[in-house]
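Student: Structure here, sequence nowhere to be found:
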Ligand code: PMP
């Protein structure tokens, strides 16, 4: 049984007030709050175990190393990778994608080659490829979306050519909540012999990920969006690619032997982990993933689906409400809940998104406003920005009611 009150008690911050009102935190797409077990595990490691990993012969270093490598195994299990050699710790999705753009780019891309992105990508899956463009003649092709925010798969099919070297695509839109058919997209790309990078930043907190079933070549996600700490993320990569890619950064731990004449590199995944890793954060991340797994995605998805459907129904009652994304065509009820995630982007009448967000904040409601690091998507939708409410496993229908009541109150002020 899913006891929402008990779940909320796991997250100390949810009990606080802002401006003298109970906090209603609906900015989970940006970052999620942390359960006490994550905070405790990290504090405990600082208090009792702290020592640099991998390098020490002493007790604490070995204990810290063990925790760090256990965390890698927890991540492996969470996404069902074949081996921990395929789990590279990074600072987050952004660094993971930059690593692939730089290192895969160096190994496999040549002048005149092409990568395919989509119109709904976050800037962190656009700009790294543009940085690469500054170093070589790389063509970036963009899969368009339909008016209701779904990828146009027949247009995607047309983009592949013999020069296509990679498709990099988000699993879930951070603006529209669209859940892309990742398996179909990967199968399509593989039919053209093109590997696929999946940006799972918005998927990891909301649905199970199985990299072997997906058969993706790379997958990236951030710890802080899945109830874990900031500053830690994951790059999954198939060994066959990672093996042939050069290191992204140089430094300690990523080497085999170093001399001024010749340096060799460490085995996977350490080849991509230069310097002291954030081993406290990996402990926190593992705890967060265990926490999510202990509740279970069946339960989380059912709860978040109920919540999102309720929010869509309630928001649609508001005069002048304009909702963006796959649910816009039937805002009363998601027709296919599997293609929409717990994110709702909207505008109300002609109220500017920033004004609405600022006034909602004064009423205790934390939402995000702006372009959500997806400016090309905003251009496609013909808007400057939206207000975005994004849910997590601890949100409640009462919080949706508070959001709706607050929007109605703001409307009265205009
Ligand atoms: N991709 C998507 C779809 C995202 O939503 C985000 C975060 N908003 C990122 C990438 C970047 O994640 P991070 O800032 O944690 O690296």
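Tutor: Nice, thanks for sending it over. This structure is a prediction, so every number in the text was calculated from the model and none was measured.
Student: What residues of the stretch of helix or strand residue 39 belongs to count as buried?
Tutor: Using DSSP states H and E, residue 39 maps to helix 36-48. By neighbour count on 16 or more other Cβ atoms under 10 Å, the buried set for helix 36-48 is 37-39, 41-42, 45. All C-beta atoms are positioned from the backbone trio N, CA, C, and that covers glycine.
Student: now do stretch 123-134
Tutor: 124-129, 132.
Student: Identify all contacting residues around it.
Tutor: By Cβ atoms under 8 Å, 6 or more residues apart in numbering, the surrounding residues in contact with stretch 123-134 are 93-94, 97-98, 100-102, 105, 109, 115, 117, 138, 140, 168-170, 197, 199, 201, 373-376.
Student: And for stretch 252-260?
Tutor: With Cβ under 8 Å, 6+ apart, stretch 252-260 has contacts from 54-55, 247, 263-266, 270-277.
Student: Mark which of these are buried, thanks.
Tutor: Here, 16+ other Cβ under 10 Å leaves 54, 247, 265-266, 270-274, 277 buried among those.
Student: Where do the helices of the stretch 301-414 of the chain begin and end?
Tutor: Along the stretch 301-414 of the chain, the stretches classed as helices by DSSP state H, counting those that start in this stretch are 353-362, 375-381, 397-413.
Student: how distant is the first one from the center of its chain?
Tutor: On the basis of Cα atoms, centre = their mean, to the nearest Å, helix 353-362 sits 25 Å off its chain's mean C-alpha point.
Student: what's the angle from that helix to helix 397-413?
Tutor: Per axes from the mean of the first three to the mean of the last three Cα atoms, to 10 degrees, the angle that helix 353-362 makes with helix 397-413 is 120 degrees.
Student: Residue 168 - that's part of a strand, no?
Tutor: Yes. Counting by DSSP: H, G, I helix; E, B strand; the rest coil, residue 168 is part of a strand.
Student: Count the residues that sit near the closest residue to it other than its chain neighbours.
Tutor: Nearest non-adjacent residue to residue 168, counting by Cβ to Cβ, 6 or more residues apart in numbering: residue 197, 4.2 Å away. Neighbours of residue 197 under the rule other Cβ atoms under 10 Å: 27.
Student: Surely residue 197 is in a strand?
Tutor: Yes. Assessed by three-state DSSP, residue 197 belongs to a strand.
Student: Pull up the residues of the stretch 1-150 of the chain that are close to the ligand.
Tutor: Residues of the stretch 1-150 of the chain lying close to the ligand by Cβ under 6 Å from any ligand atom are 92-94, 122, 124.
Student: Can I get those in a markdown table including secondary structure?
Tutor: Below are those laid out as a markdown table (three-state DSSP):
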| residue | secondary structure |
| --- | --- |
| 92 | coil |
| 93 | helix |
| 94 | helix |
| 122 | coil |
| 124 | helix |
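Student: So out of everything in the stretch 301-414 of the chain, what residue is nearest the ligand?
Tutor: Distance from the ligand to each residue of the stretch 301-414 of the chain (Cβ to the nearest ligand atom) is smallest for residue 373, at 5.8 Å.
Student: per the record, what domains does this protein have?
Tutor: Taking automatic domain parsing as the reference, the chain has its domains at 4-27+296-413, 49-292.
Student: for the residue lying closest to residue 139 once chain neighbours are set aside, what are its contacts?
Tutor: Computed as Cβ to Cβ, 6+ apart, the closest residue to residue 139 that is not its neighbour in sequence is residue 114, at 4.4 Å. Applying Cβ under 8 Å, 6+ apart, we find residue 114 in contact with 138-141, 161, 163-165.
Student: again, only this time at 7 Å
Tutor: 139, 141, 161, 163-165 (Cβ atoms under 7 Å, 6 or more residues apart in numbering).
Student: Pull out the buried members of those.
Tutor: Using 16+ other Cβ under 10 Å, the buried ones in these are 141, 164-165.
Student: Output the residues you listed in TSV; the columns should cover secondary structure and pLDDT.
Tutor: What follows is the buried ones among the contacts of residue 114, written out as TSV (DSSP: H, G, I helix; E, B strand; the rest coil; pLDDT from 0 to 100):
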residue	secondary structure	pLDDT
141	strand	98
164	strand	98
165	strand	98
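Student: Out of the residues you listed, which comes closest to residue 359?
Tutor: Comparing the buried ones among the contacts of residue 114 against residue 359 with Cβ to Cβ places residue 141 closest, at 40.8 Å.
Student: can you give me the helices in the stretch 101-250 of the chain?
Tutor: 105-108, 127-133, 153-159, 182-191, 211-214, 239-242.
Student: These into TSV, with extra columns for mean pLDDT?
Tutor: What follows is the helices of the stretch 101-250 of the chain, written out as TSV (pLDDT from 0 to 100):
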stretch	mean pLDDT
helix 105-108	98
helix 127-133	98
helix 153-159	98
helix 182-191	98
helix 211-214	98
helix 239-242	98
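Student: Including distance to residue 300, could these go into a markdown table?
Tutor: Listed next are the helices of the stretch 101-250 of the chain as a markdown table, based on distance: least, Cβ to Cβ, whole Å:
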| stretch | distance to residue 300 |
| --- | --- |
| helix 105-108 | 36 |
| helix 127-133 | 30 |
| helix 153-159 | 28 |
| helix 182-191 | 18 |
| helix 211-214 | 19 |
| helix 239-242 | 30 |
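Student: Of the ones you listed, which is nearest residue 82?
Tutor: Closest among the helices of the stretch 101-250 of the chain, using Cβ to Cβ: helix 211-214, at 6.4 Å.
Student: Next, the buried residues of the closest one.
Tutor: The neighbour-count check on helix 211-214 (16+ other Cβ under 10 Å) flags 211, 214 as buried.
Student: List of residues touching that helix?
Tutor: Here helix 211-214 makes contact (Cβ under 7 Å, 6+ apart) with 79-82, 182-183, 186, 198, 219, 236.
Student: Quick one, which of the residues you listed are buried?
Tutor: Among the contacts of helix 211-214, the ones that count as buried (16+ other Cβ under 10 Å) are 79, 81, 182, 186, 198, 219, 236.
Student: Any regions of the protein where pLDDT drops low?
Tutor: Where the chain drops to pLDDT under 70, the residues are 1, 328-338.
Student: Need the residue closest to the centroid of it.
Tutor: Geometric centre of the chain, nearest residue: residue 201, 0.9 Å, by Cα atoms, centre = their mean.
Student: Quick check: closest non-adjacent residue to that one.
Tutor: residue 93 (4.2 Å).
Student: about what we covered before: which single one of the buried residues of helix 36-48 is nearest to the ligand?
Tutor: Closest to the ligand, out of all of those and judged by Cβ to the nearest ligand atom, is residue 38, at 16.1 Å.
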